[in-house]
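**Student:** Got a sequence here, can you build the structure:
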Amino acid sequence: MQDLLRQIQIRVNDNIYMKDPETSELGKRIIQESIGMIDDMGLEHFTFRKLAEKLGTTESSVYRYFENKHKLLIYLISWYWGWLEYVLVFNTANINNPEEQLKKAIMVLTEPIRDDDYFPHINTGKLDKIVINESSKAYLTKDVDQEKKMGLFVSYDRLCHRLSEIVLKVNPMYKNPHTLISTIIEGIQRQKYFIDHLPSLTDFLKDGKELTQFFTRMALIMAKSNGKNE
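**Tutor:** Here you go, the predicted model:
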């Protein structure tokens with residue numbers, strides 16, 4: 001899988017950025033340093049001025065790539081979901097049994113994310129923490145409908161659709177595959193956040209094993225039902 005991942009370039013919708021950061025060394029450094037800074041200080045305290053100082057460049061240079069930090073956040077989260085989709089595909093490609101595919105998919109979603117050496121300018125471990133802590137700020141906005149029309153959330157849509165297809169392989173009659181998958185993904189992110197910050201709101205430990213077991217059971221039980229209120 002790693003040899004194949006080495007050849008992959010994660011595509012992000014070009015409506016998100018002013019200039020593709022993957023096309024220049026400065027652009028890659030913007031991504032690299034912004035991940036470290038947002039992970040360290042949080043989105044609220046992160047600014048393009050601070051980023052420019054860290055890079056040793058001007059704010060205007062950063063703005064050539066991203067209109068604002070909201071668009072930068074969407075870029076980072078979109079890249080993450082696109083990358084996770086590829087990881088999911090390679091981990092399930094040789095599994096023929098749909099239930100085993102679904103189990104493996106939940107494992108991919110719940111296991112701790114390790115740094116991916118094949119994307120040296122993107123610390124996937126830190127990016128995972130940004131997704132857990134900050135991702136809801138990307139779409140819980142007044143502009144979400146317009147941004148949806150622009151395709152800014154297509155990476156997340158594509159991942160959910162791919163997982164929904166696995167659910168339908170388990171049970172072609174299941175009525176709510178997208179609802180189930182989006183609930184599971186959001187639930188996993190919230191539980192990971194609670195484990196780190198609000199442990200009284202969860203029963204899971206940091207090692208993630210019980211988290212995986214819980215959401216695997218949820219996915220299989222619901223997928224095997226008819227999807228109706230009973």
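**Student:** How is the residue positioned nearest the centre of the chain assigned, secondary-structure-wise?
**Tutor:** For the chain, the residue nearest the mean C-alpha position is residue 81 (3.6 Å; C-alpha atoms, centre = their mean). In three-state terms, and counting by DSSP: H, G, I helix; E, B strand; the rest coil, residue 81 is helix.
**Student:** State the distance from it to residue 50.
**Tutor:** Separation of residue 81 from residue 50 (C-beta to C-beta, to the nearest Å): 26 Å. (Each C-beta comes from the backbone N, C-alpha and C, glycine too.)
**Student:** what residues are up against the residue nearest to the centre of the chain?
**Tutor:** Residues near residue 81 by C-beta atoms under 8 Å, 6 or more residues apart in numbering: 155, 156, 158, 159.
**Student:** Now the buried members of these.
**Tutor:** Applying 16 or more other C-beta atoms under 10 Å to the contacts of residue 81, the neighbour count classes 155, 156, 159 as buried.
**Student:** Tabulate these in a markdown table, adding columns for secondary structure, distance to residue 125 and pLDDT.
**Tutor:** Converted to a markdown table, the buried ones among the contacts of residue 81 look like this (DSSP: H, G, I helix; E, B strand; the rest coil; distance: C-beta to C-beta, whole Å; pLDDT from 0 to 100):
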| residue | secondary structure | distance to residue 125 | pLDDT |
| --- | --- | --- | --- |
| 155 | helix | 19 | 96 |
| 156 | helix | 20 | 97 |
| 159 | helix | 19 | 97 |
